[in-house]
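> Turn this into a structure:
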Amino acid sequence: MKQWIAAATAAAGLALGLTSPIAAADGIDDVYKSLRQAMPSLKKEDITPSPVEGIYEVSRGMSFFYATKDGRYVFSGDLVDVQTGSSITENNRKSLRLQELAKLEQGSMIVFPAKKEKYRITVFTDIDCGYCRKLHREMADYNAKGITVQYLFYPRSGPNTPSFTKAESVWCSADQNAAMTNAKQGATVKSEKCANPVGQQYELGQMVGVRGTPALVLPDGSMQPGYLPADRLIGILEQGS
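Next up, the predicted model:
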C-alpha cells in the first residue's frame, strides 16, 4: 500500500503538469488518468466516488485508498461516517468478501452442518493450527447453536509444506469430514492425491485479508480473526441479524 501511494503521488504530480501535463477529465476519468501511470493494471471500475464530495475510493483487491478529484492527493485509512458510526471502507470489504466467496464452485468446501441451521459461517482453517483444532473439537457446540461451519483451507506455511499436503490429503479422502476430524486430532491422514482446490482457497484467503487462522467470515462478510466459543459467536451473529 505504501508503495502504491508513493507511486500514485508521483503519477499525480505528472498529471498536474509538474513534468508532463496530462489533459484532465472530470470525475473518475480525472482520477484514472492521474493514477494509471503508477498502476498500469488499474481499471476505471476500481475507482468509485466516495460519500465525501471530491474524494474518490480506489480499490486494489481488499486494499483501499482515497484520492482527490484532481489526483494530486492520496491517502489510506478507513473512511468512517461519524454520525452513524459506520465504516464505509469496511462495508466495502464485507461486500468484496461475499462476492469472492460467491464465486466458489458448489461442493468446494467441507461442511459440518447444523441440524437446525440459523447461521452459516465460512472458516479458513489450518490443520496444524492449535486454535483451529480447538474450534473443531467444539463443532458439536456450534452445530447445537444452529451454526453450520463450512471450511476453506488456509495452510499458513504455504504450498509445498507438510500442512499443505495434509490439507490436500483430507480433501482427496473418500470421507472428507472424517478425514478432517482425524487430521485435527493429530492422526496421520493417508496421503492422497487428486485434483483439489487447496491452492485456490489459500490464494483466496490472501485476497480477502486472512492473516492468521482460524479466520471466520460471518454471513454479513465481516471477518472475525481467531477462535471464538460457540456462546460468544452466536451472540455476535444474533447481534448482526
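> Surely Pro225 and Ala215 touch.
Yes - counting by Cβ atoms under 8 Å, Pro225 sits close enough to Ala215 to count as a contact (5.6 Å). Bear in mind the C-beta positions are built from the backbone N, C-alpha and C, glycine included.
> Name the next helix or strand downstream of the lowest-mean-pLDDT helix or strand in the chain, please.
Within the chain, no helix or strand scores below helix 2-15, which has a mean of 41 by mean pLDDT, DSSP states H and E. Going down the chain from helix 2-15, the next helix or strand is helix 27-35, by DSSP states H and E.
> got the CA coordinates for that next one in CSV?
In CSV, the C-alpha atoms belonging to helix 27-35 read as follows (Å, rounded to 0.1, in the frame of the first residue of the first chain):
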residue,chain,number,x,y,z
GLY,A,27,-14.6,12.8,-12.0
ILE,A,28,-13.4,9.2,-12.4
ASP,A,29,-11.7,9.9,-15.7
ASP,A,30,-9.6,12.5,-14.0
VAL,A,31,-8.5,10.2,-11.1
TYR,A,32,-7.9,7.4,-13.5
LYS,A,33,-5.6,9.4,-15.8
SER,A,34,-3.7,10.6,-12.8
LEU,A,35,-3.0,7.2,-11.3
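> for the chain, which spans come out with low pLDDT?
Where the chain drops to pLDDT under 70, the residues are 1-26, 241.
> Try it again at 90.
Scanning the chain for pLDDT under 90 picks out the ranges 1-46, 53-54, 59-63, 67-74, 85, 105-106, 188-192, 239-241.
> Setting aside sequence neighbours, what's the nearest residue to the residue nearest the centre of it?
Against the mean C-alpha coordinate of the chain, by Cα atoms, centre = their mean, the closest residue is Val208 at 1.6 Å. In this structure, Val208 finds its nearest non-sequential neighbour in Arg97, 4.8 Å apart by Cβ to Cβ, 6 or more residues apart in numbering.
> from the chain's centre, how far out does the strand or helix carrying the one you found sit?
If you go by DSSP H and E, Arg97 is part of helix 88-102. Distance of helix 88-102 from the chain centroid (Cα atoms, centre = their mean, to the nearest Å) equals 8 Å.
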